[in-house]
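Colleague: Following is a predicted model, sequence given first.
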Amino acid sequence: MAKETLTVTDNRTGKNYELPITDGTIRALDLREIKTGAEDFGLLSYDPAYLNTASCRSSITFIDGDKGILRYRGYDVAELAEKSSYLEVAYLILYGELPTKPQIEEFSSEITVHTFLHENARRFIDGFRYDAHPMGVLIATVAALSTFYPEAKEIKDEKQRRQQVVRLMAKMPTIAAWSYRHARGFPLVYPDNHLSSPANLLSMMKRMAESRYQPNPTIERALDVLFILHADHEQNCSTSAVRTVGSSLVDPYSAVAAAAAALYGPLHGGANEAVLRMLMHIGSVKNVPAFIKEVKDGGGQRLMGFGHRVYKNYDPRARVIKKLADEVFQVTGKSPLLDIALELEKIALSDEYFIKRKLYPNVDFYSGLIYQAIGFPLDMFPVLFAIPRTAGWLAQWEEMLRDPEQKIARPRQIYTGHDERKYVPVEQRKA
Ligand code: CMC
(Lines give C-alpha, C1' and ligand atoms only; values in the text may rest on other atoms or scores of the structure.)
Protein backbone atom coordinates (compact mmCIF):
# COMPACT_ATOMS: atom_id res chain seq x y z
CA MET A 1 0.00 0.00 0.00
CA ALA A 2 1.22 3.51 -0.84
CA LYS A 3 2.59 5.44 2.13
CA GLU A 4 0.53 8.38 3.41
CA THR A 5 3.55 10.69 3.42
CA LEU A 6 5.09 13.44 1.37
CA THR A 7 8.82 13.44 0.68
CA VAL A 8 10.34 16.89 0.27
CA THR A 9 13.87 17.63 -0.84
CA ASP A 10 15.30 20.93 0.37
CA ASN A 11 17.56 21.93 -2.51
CA ARG A 12 19.33 24.45 -0.28
CA THR A 13 20.76 21.66 1.85
CA GLY A 14 20.08 18.49 -0.17
CA LYS A 15 18.23 17.04 2.83
CA ASN A 16 15.08 14.94 2.47
CA TYR A 17 12.10 15.21 4.79
CA GLU A 18 9.16 12.85 5.06
CA LEU A 19 5.96 14.62 6.15
CA PRO A 20 2.87 12.66 7.25
CA ILE A 21 -0.31 13.19 5.22
CA THR A 22 -3.56 13.02 7.20
CA ASP A 23 -6.98 13.62 5.65
CA GLY A 24 -5.29 14.91 2.49
CA THR A 25 -3.34 17.56 4.37
CA ILE A 26 0.14 18.13 5.68
CA ARG A 27 0.65 20.04 8.90
CA ALA A 28 2.15 23.45 8.31
CA LEU A 29 4.08 23.06 11.58
CA ASP A 30 5.92 20.03 10.14
CA LEU A 31 7.51 22.42 7.64
CA ARG A 32 9.35 24.09 10.54
CA GLU A 33 11.67 21.08 10.68
CA ILE A 34 12.97 22.11 7.26
CA LYS A 35 15.91 24.38 8.10
CA THR A 36 19.18 25.46 6.56
CA GLY A 37 20.90 25.44 9.95
CA ALA A 38 20.46 25.79 13.69
CA GLU A 39 19.87 29.56 13.38
CA ASP A 40 17.15 29.15 10.76
CA PHE A 41 13.59 29.55 12.08
CA GLY A 42 12.33 26.84 9.70
CA LEU A 43 10.09 26.91 6.65
CA LEU A 44 6.74 28.73 6.81
CA SER A 45 3.83 28.31 4.43
CA TYR A 46 2.56 31.53 2.84
CA ASP A 47 -1.16 31.61 2.08
CA PRO A 48 -2.76 35.06 1.90
CA ALA A 49 -6.56 34.83 2.17
CA TYR A 50 -6.28 31.15 3.18
CA LEU A 51 -6.69 29.92 -0.40
CA ASN A 52 -5.32 26.49 0.46
CA THR A 53 -5.17 26.26 4.24
CA ALA A 54 -7.48 24.26 6.50
CA SER A 55 -7.63 26.16 9.79
CA CYS A 56 -9.67 23.63 11.76
CA ARG A 57 -11.32 20.23 11.80
CA SER A 58 -15.09 20.58 11.67
CA SER A 59 -18.05 18.21 11.65
CA ILE A 60 -20.73 20.84 11.00
CA THR A 61 -20.97 21.62 7.30
CA PHE A 62 -19.74 19.73 4.25
CA ILE A 63 -19.35 21.36 0.84
CA ASP A 64 -18.27 19.69 -2.40
CA GLY A 65 -17.91 22.68 -4.68
CA ASP A 66 -17.33 20.67 -7.86
CA LYS A 67 -20.44 18.57 -7.42
CA GLY A 68 -22.56 21.39 -5.94
CA ILE A 69 -23.21 19.60 -2.63
CA LEU A 70 -23.98 21.32 0.69
CA ARG A 71 -24.81 19.29 3.79
CA TYR A 72 -25.37 20.26 7.42
CA ARG A 73 -24.28 17.47 9.77
CA GLY A 74 -24.67 15.04 6.84
CA TYR A 75 -28.15 16.15 5.73
CA ASP A 76 -28.57 17.57 2.23
CA VAL A 77 -29.55 21.23 2.41
CA ALA A 78 -32.26 20.86 -0.25
CA GLU A 79 -33.94 18.08 1.73
CA LEU A 80 -33.80 20.17 4.91
CA ALA A 81 -35.25 23.15 3.01
CA GLU A 82 -38.12 20.97 1.83
CA LYS A 83 -38.94 19.11 5.04
CA SER A 84 -37.55 20.98 8.03
CA SER A 85 -37.83 24.34 9.80
CA TYR A 86 -35.14 26.87 10.58
CA LEU A 87 -35.31 26.25 14.34
CA GLU A 88 -34.95 22.51 13.79
CA VAL A 89 -31.99 23.08 11.46
CA ALA A 90 -30.44 25.52 13.95
CA TYR A 91 -30.72 22.80 16.61
CA LEU A 92 -29.11 20.30 14.21
CA ILE A 93 -26.25 22.67 13.45
CA LEU A 94 -25.72 23.62 17.08
CA TYR A 95 -26.06 20.21 18.73
CA GLY A 96 -25.22 17.74 15.97
CA GLU A 97 -28.50 15.80 15.63
CA LEU A 98 -32.02 16.54 14.49
CA PRO A 99 -34.06 17.15 17.65
CA THR A 100 -36.65 14.73 18.98
CA LYS A 101 -40.13 16.16 19.54
CA PRO A 102 -39.51 17.02 23.23
CA GLN A 103 -36.10 18.48 22.35
CA ILE A 104 -37.46 20.84 19.68
CA GLU A 105 -40.34 21.83 21.94
CA GLU A 106 -37.93 22.72 24.72
CA PHE A 107 -35.56 24.54 22.35
CA SER A 108 -38.39 26.53 20.71
CA SER A 109 -39.82 27.49 24.06
CA GLU A 110 -36.38 28.56 25.37
CA ILE A 111 -35.81 30.68 22.27
CA THR A 112 -39.31 32.15 22.51
CA VAL A 113 -38.98 33.29 26.11
CA HIS A 114 -35.68 35.05 25.42
CA THR A 115 -36.78 37.21 22.49
CA PHE A 116 -37.23 40.37 24.57
CA LEU A 117 -34.38 42.86 24.92
CA HIS A 118 -33.49 44.74 28.08
CA GLU A 119 -35.19 48.15 27.93
CA ASN A 120 -31.78 49.84 28.08
CA ALA A 121 -30.85 48.00 24.89
CA ARG A 122 -33.97 49.53 23.31
CA ARG A 123 -32.80 52.97 24.46
CA PHE A 124 -29.34 52.18 23.06
CA ILE A 125 -30.95 51.55 19.65
CA ASP A 126 -32.96 54.77 20.03
CA GLY A 127 -29.68 56.64 20.30
CA PHE A 128 -28.61 55.92 16.72
CA ARG A 129 -29.05 58.61 14.06
CA TYR A 130 -32.50 58.60 12.40
CA ASP A 131 -31.15 57.02 9.20
CA ALA A 132 -28.60 54.61 10.73
CA HIS A 133 -27.79 51.60 8.54
CA PRO A 134 -29.51 48.61 10.21
CA MET A 135 -26.41 46.45 9.91
CA GLY A 136 -24.35 48.99 11.89
CA VAL A 137 -27.08 49.05 14.53
CA LEU A 138 -27.16 45.24 14.66
CA ILE A 139 -23.38 44.88 15.05
CA ALA A 140 -23.21 47.50 17.81
CA THR A 141 -26.23 46.18 19.69
CA VAL A 142 -25.00 42.59 19.65
CA ALA A 143 -21.65 43.77 21.03
CA ALA A 144 -23.49 45.87 23.64
CA LEU A 145 -25.36 42.80 24.88
CA SER A 146 -22.12 41.58 26.46
CA THR A 147 -22.50 44.41 28.98
CA PHE A 148 -25.97 43.16 29.94
CA TYR A 149 -24.76 39.60 30.53
CA PRO A 150 -21.32 39.85 32.20
CA GLU A 151 -21.55 36.15 33.11
CA ALA A 152 -21.13 35.45 29.38
CA LYS A 153 -17.38 35.83 30.00
CA GLU A 154 -17.44 32.45 31.70
CA ILE A 155 -16.96 30.68 28.43
CA LYS A 156 -15.44 27.58 30.03
CA ASP A 157 -18.74 26.91 31.77
CA GLU A 158 -20.88 24.77 29.46
CA LYS A 159 -24.16 25.90 31.04
CA GLN A 160 -23.25 29.54 30.60
CA ARG A 161 -22.31 28.92 26.97
CA ARG A 162 -25.64 27.29 26.26
CA GLN A 163 -27.48 30.14 27.96
CA GLN A 164 -25.77 32.75 25.76
CA VAL A 165 -26.42 30.65 22.63
CA VAL A 166 -30.14 30.66 23.42
CA ARG A 167 -30.11 34.40 24.15
CA LEU A 168 -28.27 35.26 20.95
CA MET A 169 -30.48 33.05 18.79
CA ALA A 170 -33.59 34.54 20.39
CA LYS A 171 -32.60 38.21 20.44
CA MET A 172 -31.05 38.47 16.98
CA PRO A 173 -34.44 38.77 15.16
CA THR A 174 -35.60 41.39 17.69
CA ILE A 175 -32.45 43.47 17.21
CA ALA A 176 -32.76 43.06 13.43
CA ALA A 177 -36.39 44.16 13.34
CA TRP A 178 -35.78 47.08 15.67
CA SER A 179 -32.79 48.27 13.65
CA TYR A 180 -35.15 48.43 10.66
CA ARG A 181 -37.99 50.16 12.54
CA HIS A 182 -35.59 52.70 13.98
CA ALA A 183 -34.27 53.67 10.53
CA ARG A 184 -37.84 54.09 9.27
CA GLY A 185 -38.93 56.11 12.31
CA PHE A 186 -41.59 53.53 13.13
CA PRO A 187 -42.44 52.66 16.74
CA LEU A 188 -40.71 49.48 17.87
CA VAL A 189 -42.88 46.35 17.98
CA TYR A 190 -42.27 43.91 20.85
CA PRO A 191 -42.01 40.17 20.18
CA ASP A 192 -45.28 38.25 19.98
CA ASN A 193 -44.48 34.92 21.58
CA HIS A 194 -47.61 33.27 20.20
CA LEU A 195 -46.20 33.41 16.68
CA SER A 196 -43.72 31.08 14.98
CA SER A 197 -40.19 32.46 14.78
CA PRO A 198 -40.43 33.68 11.13
CA ALA A 199 -43.93 35.08 11.76
CA ASN A 200 -42.64 36.87 14.84
CA LEU A 201 -39.85 38.50 12.83
CA LEU A 202 -42.35 39.61 10.18
CA SER A 203 -44.63 40.94 12.91
CA MET A 204 -41.83 42.94 14.55
CA MET A 205 -40.91 44.41 11.17
CA LYS A 206 -44.27 45.00 9.55
CA ARG A 207 -46.97 45.39 12.20
CA MET A 208 -48.57 48.82 12.28
CA ALA A 209 -51.99 49.50 13.85
CA GLU A 210 -53.34 45.93 13.84
CA SER A 211 -53.54 44.24 17.26
CA ARG A 212 -51.87 41.07 15.95
CA TYR A 213 -49.94 40.57 12.72
CA GLN A 214 -50.65 37.39 10.77
CA PRO A 215 -48.28 36.89 7.85
CA ASN A 216 -49.23 35.09 4.66
CA PRO A 217 -48.21 31.43 5.23
CA THR A 218 -46.28 31.29 1.93
CA ILE A 219 -44.20 34.31 2.95
CA GLU A 220 -43.70 32.91 6.46
CA ARG A 221 -42.49 29.60 5.03
CA ALA A 222 -40.30 31.32 2.39
CA LEU A 223 -38.49 33.27 5.12
CA ASP A 224 -37.97 30.07 7.10
CA VAL A 225 -36.54 28.29 4.04
CA LEU A 226 -34.21 31.22 3.27
CA PHE A 227 -33.01 31.01 6.86
CA ILE A 228 -32.34 27.27 6.51
CA LEU A 229 -30.27 27.95 3.39
CA HIS A 230 -28.21 30.65 5.10
CA ALA A 231 -27.65 28.87 8.44
CA ASP A 232 -24.03 27.83 7.89
CA HIS A 233 -21.44 27.67 5.13
CA GLU A 234 -18.27 26.31 6.78
CA GLN A 235 -15.13 28.46 6.98
CA ASN A 236 -16.17 31.64 5.15
CA CYS A 237 -15.03 35.15 6.12
CA SER A 238 -17.52 35.77 8.96
CA THR A 239 -17.16 32.24 10.37
CA SER A 240 -13.40 32.60 10.35
CA ALA A 241 -13.94 35.90 12.17
CA VAL A 242 -16.05 34.34 14.94
CA ARG A 243 -13.46 31.59 15.39
CA THR A 244 -10.50 33.99 15.33
CA VAL A 245 -12.03 36.53 17.71
CA GLY A 246 -13.51 33.78 19.89
CA SER A 247 -10.10 32.11 20.16
CA SER A 248 -9.02 34.97 22.45
CA LEU A 249 -11.69 33.57 24.82
CA VAL A 250 -13.78 36.74 24.62
CA ASP A 251 -17.52 36.43 25.35
CA PRO A 252 -19.77 35.19 22.50
CA TYR A 253 -21.57 38.54 22.05
CA SER A 254 -18.29 40.22 21.15
CA ALA A 255 -17.25 37.31 18.91
CA VAL A 256 -20.61 37.26 17.08
CA ALA A 257 -20.50 41.05 16.66
CA ALA A 258 -17.12 40.59 14.94
CA ALA A 259 -18.62 37.94 12.66
CA ALA A 260 -21.53 40.23 11.79
CA ALA A 261 -19.05 43.00 10.98
CA ALA A 262 -17.28 40.63 8.58
CA LEU A 263 -20.61 39.75 6.98
CA TYR A 264 -21.39 43.44 6.40
CA GLY A 265 -18.81 43.73 3.60
CA PRO A 266 -19.99 43.75 -0.04
CA LEU A 267 -17.91 40.69 -0.93
CA HIS A 268 -19.77 38.61 1.65
CA GLY A 269 -23.28 39.37 2.95
CA GLY A 270 -23.73 42.36 0.68
CA ALA A 271 -23.73 40.54 -2.68
CA ASN A 272 -27.51 40.03 -2.92
CA GLU A 273 -27.98 43.78 -2.70
CA ALA A 274 -25.42 44.17 -5.51
CA VAL A 275 -27.45 41.74 -7.64
CA LEU A 276 -30.57 43.88 -7.28
CA ARG A 277 -28.67 47.05 -8.10
CA MET A 278 -27.26 45.31 -11.20
CA LEU A 279 -30.74 44.16 -12.31
CA MET A 280 -32.11 47.69 -11.82
CA HIS A 281 -29.14 49.08 -13.76
CA ILE A 282 -29.80 46.69 -16.70
CA GLY A 283 -33.42 47.82 -16.59
CA SER A 284 -34.87 45.64 -19.35
CA VAL A 285 -34.51 42.19 -20.94
CA LYS A 286 -33.48 43.79 -24.21
CA ASN A 287 -30.37 45.24 -22.52
CA VAL A 288 -29.17 41.85 -21.26
CA PRO A 289 -26.98 40.85 -24.26
CA ALA A 290 -25.17 44.21 -24.16
CA PHE A 291 -24.60 43.81 -20.42
CA ILE A 292 -23.23 40.27 -20.84
CA LYS A 293 -20.90 41.58 -23.54
CA GLU A 294 -19.69 44.29 -21.18
CA VAL A 295 -18.96 41.64 -18.50
CA LYS A 296 -17.08 39.46 -20.98
CA ASP A 297 -15.07 42.39 -22.32
CA GLY A 298 -13.76 42.74 -18.79
CA GLY A 299 -14.38 46.45 -18.22
CA GLY A 300 -14.43 45.80 -14.47
CA GLN A 301 -18.08 44.76 -14.63
CA ARG A 302 -19.00 41.40 -13.06
CA LEU A 303 -22.17 39.41 -13.31
CA MET A 304 -23.18 39.72 -9.66
CA GLY A 305 -24.69 36.61 -8.07
CA PHE A 306 -22.58 34.44 -10.36
CA GLY A 307 -19.43 32.53 -9.47
CA HIS A 308 -18.17 31.27 -6.15
CA ARG A 309 -14.80 30.53 -4.58
CA VAL A 310 -15.91 27.02 -3.65
CA TYR A 311 -18.80 26.08 -5.96
CA LYS A 312 -17.73 25.30 -9.50
CA ASN A 313 -21.23 24.06 -10.22
CA TYR A 314 -24.77 25.33 -9.61
CA ASP A 315 -24.91 26.49 -5.96
CA PRO A 316 -27.44 24.04 -4.43
CA ARG A 317 -28.98 26.90 -2.44
CA ALA A 318 -29.63 28.90 -5.63
CA ARG A 319 -31.62 25.98 -7.07
CA VAL A 320 -33.95 25.94 -4.03
CA ILE A 321 -34.25 29.72 -3.96
CA LYS A 322 -35.23 29.91 -7.64
CA LYS A 323 -38.17 27.60 -6.98
CA LEU A 324 -39.06 29.50 -3.83
CA ALA A 325 -39.13 32.78 -5.77
CA ASP A 326 -41.90 31.38 -8.00
CA GLU A 327 -44.00 30.54 -4.93
CA VAL A 328 -43.46 33.97 -3.37
CA PHE A 329 -44.27 35.81 -6.59
CA GLN A 330 -47.62 34.02 -6.74
CA VAL A 331 -48.48 35.89 -3.54
CA THR A 332 -46.69 39.20 -4.05
CA GLY A 333 -46.94 39.48 -7.81
CA LYS A 334 -43.94 38.92 -10.05
CA SER A 335 -40.92 41.16 -9.62
CA PRO A 336 -40.36 43.15 -12.81
CA LEU A 337 -36.68 42.29 -12.39
CA LEU A 338 -37.27 38.53 -12.57
CA ASP A 339 -37.38 38.38 -16.36
CA ILE A 340 -34.04 40.17 -16.52
CA ALA A 341 -32.55 37.67 -14.03
CA LEU A 342 -33.91 34.68 -15.98
CA GLU A 343 -32.56 36.03 -19.25
CA LEU A 344 -29.16 36.71 -17.69
CA GLU A 345 -29.05 33.16 -16.34
CA LYS A 346 -30.14 31.65 -19.67
CA ILE A 347 -27.53 33.52 -21.70
CA ALA A 348 -24.75 33.06 -19.15
CA LEU A 349 -25.28 29.31 -18.77
CA SER A 350 -24.95 28.78 -22.51
CA ASP A 351 -22.06 31.19 -23.04
CA GLU A 352 -18.52 29.90 -23.52
CA TYR A 353 -17.04 32.59 -21.18
CA PHE A 354 -19.11 31.45 -18.21
CA ILE A 355 -18.97 27.72 -19.04
CA LYS A 356 -15.17 27.77 -19.29
CA ARG A 357 -14.80 29.52 -15.94
CA LYS A 358 -17.48 27.37 -14.28
CA LEU A 359 -19.55 30.40 -13.30
CA TYR A 360 -23.03 29.46 -12.10
CA PRO A 361 -25.70 31.33 -10.11
CA ASN A 362 -24.90 31.47 -6.41
CA VAL A 363 -27.15 31.89 -3.35
CA ASP A 364 -27.40 35.64 -3.90
CA PHE A 365 -28.70 35.60 -7.46
CA TYR A 366 -32.38 35.12 -6.58
CA SER A 367 -32.56 35.72 -2.80
CA GLY A 368 -32.61 39.52 -3.12
CA LEU A 369 -35.58 39.31 -5.50
CA ILE A 370 -37.51 37.41 -2.84
CA TYR A 371 -36.55 39.79 -0.03
CA GLN A 372 -37.57 42.74 -2.19
CA ALA A 373 -40.89 41.10 -3.10
CA ILE A 374 -41.60 40.55 0.62
CA GLY A 375 -41.05 44.28 1.08
CA PHE A 376 -37.64 44.41 2.76
CA PRO A 377 -35.42 47.35 1.79
CA LEU A 378 -31.98 46.66 0.30
CA ASP A 379 -30.07 47.71 3.42
CA MET A 380 -31.86 44.98 5.42
CA PHE A 381 -30.46 42.18 3.23
CA PRO A 382 -27.22 41.63 5.20
CA VAL A 383 -29.22 41.83 8.45
CA LEU A 384 -31.54 39.09 7.16
CA PHE A 385 -28.43 37.04 6.38
CA ALA A 386 -27.01 37.58 9.89
CA ILE A 387 -30.10 36.24 11.71
CA PRO A 388 -29.86 32.61 10.51
CA ARG A 389 -26.07 32.63 10.23
CA THR A 390 -25.99 33.19 13.99
CA ALA A 391 -26.72 29.46 14.37
CA GLY A 392 -23.66 28.61 12.26
CA TRP A 393 -21.42 31.14 14.00
CA LEU A 394 -22.35 29.82 17.44
CA ALA A 395 -21.93 26.18 16.43
CA GLN A 396 -18.49 26.96 14.99
CA TRP A 397 -17.57 28.96 18.10
CA GLU A 398 -18.57 26.07 20.36
CA GLU A 399 -16.68 23.58 18.19
CA MET A 400 -13.58 25.79 18.30
CA LEU A 401 -13.72 26.02 22.12
CA ARG A 402 -14.07 22.24 22.45
CA ASP A 403 -11.22 21.47 20.06
CA PRO A 404 -8.10 20.67 22.14
CA GLU A 405 -5.88 21.57 19.17
CA GLN A 406 -7.16 25.15 18.94
CA LYS A 407 -5.28 28.03 20.54
CA ILE A 408 -5.48 31.77 20.16
CA ALA A 409 -5.41 32.48 16.39
CA ARG A 410 -2.13 34.08 15.54
CA PRO A 411 -0.88 33.93 11.94
CA ARG A 412 2.72 34.49 10.97
CA GLN A 413 3.95 37.13 8.51
CA ILE A 414 6.75 37.68 6.05
CA TYR A 415 8.32 40.91 7.25
CA THR A 416 9.04 43.28 4.36
CA GLY A 417 10.03 46.44 6.28
CA HIS A 418 13.34 48.09 7.19
CA ASP A 419 16.17 46.44 9.05
CA GLU A 420 17.00 47.99 12.41
CA ARG A 421 17.41 51.81 12.25
CA LYS A 422 18.60 54.41 14.72
CA TYR A 423 16.13 57.01 16.02
CA VAL A 424 16.57 60.44 14.34
CA PRO A 425 15.60 63.58 16.35
CA VAL A 426 12.82 65.56 14.63
CA GLU A 427 14.99 68.57 13.73
CA GLN A 428 17.44 66.32 11.85
CA ARG A 429 14.80 64.49 9.74
CA LYS A 430 14.70 65.11 6.01
CA ALA A 431 11.37 65.49 4.16
N1 CMC B 1 -18.74 37.65 -13.57
C2 CMC B 1 -17.83 37.61 -14.57
N3 CMC B 1 -16.65 36.99 -14.47
C4 CMC B 1 -16.37 36.37 -13.31
C5 CMC B 1 -17.28 36.38 -12.24
C6 CMC B 1 -18.50 37.05 -12.39
N7 CMC B 1 -19.40 37.08 -11.41
N8 CMC B 1 -16.75 35.69 -11.20
C9 CMC B 1 -15.55 35.27 -11.62
N10 CMC B 1 -15.32 35.68 -12.90
C11 CMC B 1 -14.15 35.38 -13.74
C12 CMC B 1 -12.95 36.22 -13.32
O13 CMC B 1 -12.90 37.42 -14.05
C14 CMC B 1 -11.83 35.28 -13.64
O15 CMC B 1 -11.63 35.30 -15.05
P16 CMC B 1 -10.14 35.20 -15.66
O17 CMC B 1 -9.67 33.81 -15.30
O18 CMC B 1 -10.31 35.43 -17.12
O19 CMC B 1 -9.34 36.27 -14.97
C20 CMC B 1 -12.37 33.89 -13.29
O21 CMC B 1 -13.79 34.01 -13.46
C22 CMC B 1 -12.07 33.45 -11.86
O23 CMC B 1 -12.50 34.47 -10.96
P24 CMC B 1 -11.87 34.77 -9.54
O25 CMC B 1 -12.13 36.20 -9.20
O26 CMC B 1 -10.45 34.30 -9.51
O27 CMC B 1 -12.70 33.82 -8.61
P28 CMC B 1 -12.79 33.91 -7.02
O29 CMC B 1 -12.99 32.52 -6.56
O30 CMC B 1 -11.67 34.67 -6.44
O31 CMC B 1 -14.10 34.80 -6.80
C32 CMC B 1 -16.31 35.47 -6.33
C33 CMC B 1 -15.31 34.30 -6.33
C34 CMC B 1 -17.61 35.00 -5.69
C35 CMC B 1 -15.73 36.65 -5.48
C36 CMC B 1 -16.53 35.93 -7.79
O37 CMC B 1 -17.05 34.87 -8.56
C38 CMC B 1 -17.44 37.15 -7.86
O39 CMC B 1 -16.95 38.29 -7.75
N40 CMC B 1 -18.78 36.94 -8.07
C41 CMC B 1 -19.71 38.05 -8.05
C42 CMC B 1 -20.02 38.47 -6.62
C43 CMC B 1 -20.93 37.48 -5.92
O44 CMC B 1 -21.92 37.05 -6.48
N45 CMC B 1 -20.58 37.16 -4.67
C46 CMC B 1 -21.42 36.25 -3.84
C47 CMC B 1 -20.66 35.04 -3.43
S48 CMC B 1 -21.74 33.84 -2.63
C49 CMC B 1 -22.14 34.53 -1.07
C50 CMC B 1 -21.11 34.35 0.00
O51 CMC B 1 -20.49 33.29 0.08
O52 CMC B 1 -20.95 35.29 0.79
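Modeller: It's in. Residues are numbered from 1 along each chain as shown.

Colleague: How about the contacts made by the closest residue to Gln103 other than its chain neighbours?
Modeller: Residue nearest to Gln103 in three dimensions, not counting chain neighbours: Tyr91, with 6.9 Å by Cβ to Cβ, 6 or more residues apart in numbering. Every residue, glycine included, has its C-beta placed from N, CA and C. By Cβ atoms under 8 Å, 6 or more residues apart in numbering, the contact set of Tyr91 is 98-99, 103-104, 107.

Colleague: ditto for Gly269
Modeller: Contacts of Gly269 (Cβ under 8 Å, 6+ apart): 135, 238, 263, 381-382, 385-386, 389.

Colleague: out of those residues, what pair is the most spread apart?
Modeller: With Cβ to Cβ as the measure, no two of the contacts of Gly269 lie farther apart than Ser238 and Phe381, at 14.4 Å.

Colleague: Report pLDDT for the residue of the stretch 301-431 of the chain found nearest the ligand.
Modeller: In the stretch 301-431 of the chain, the residue that lies nearest the ligand is Gly307 (2.3 Å; Cβ to the nearest ligand atom). In this model, Gly307 is scored at 91, pLDDT.

Colleague: do you know how far the closest residue to it other than its chain neighbours is from Val383?
Modeller: With sequence-adjacent residues excluded and distances taken as Cβ to Cβ, 6+ apart, Gly307 is closest to Leu359, at 4.4 Å. Distance, Leu359 to Val383, using Cβ to Cβ, to the nearest Å: 28 Å.

Colleague: If you count surrounding residues, which of the two has more?
Modeller: Set Leu359 next to Val383 and count neighbours by other Cβ atoms under 10 Å: Val383 wins out with 27 against 20.

Colleague: hmm, the helix or strand harbouring the more buried one in reach of the ligand?
Modeller: Using DSSP states H and E, Val383 maps to helix 381-402. No - against the ligand, helix 381-402 shows no contacts by Cβ under 6 Å from any ligand atom, the least distance being 8.1 Å.

Colleague: List the buried residues for that helix?
Modeller: Buried residues in helix 381-402, counted by 16 or more other Cβ atoms under 10 Å: 381-401.

Colleague: Spell out which parts of the protein neighbour the ligand.
Modeller: Counting by Cβ under 6 Å from any ligand atom, the chain sits next to the ligand at 236, 268, 271, 295, 302-309, 357, 359, 362-364.

Colleague: What segments of the chain are strands?
Modeller: 5-10, 15-20, 61-64, 69-72, 75-76 (DSSP state E).

Colleague: ok, Val242 - how many residues close by?
Modeller: 28.

Colleague: Hmm, it is touching Ala395, no?
Modeller: No - applying Cβ atoms under 8 Å as the test, Val242 and Ala395 come out as separate, 9.8 Å apart.
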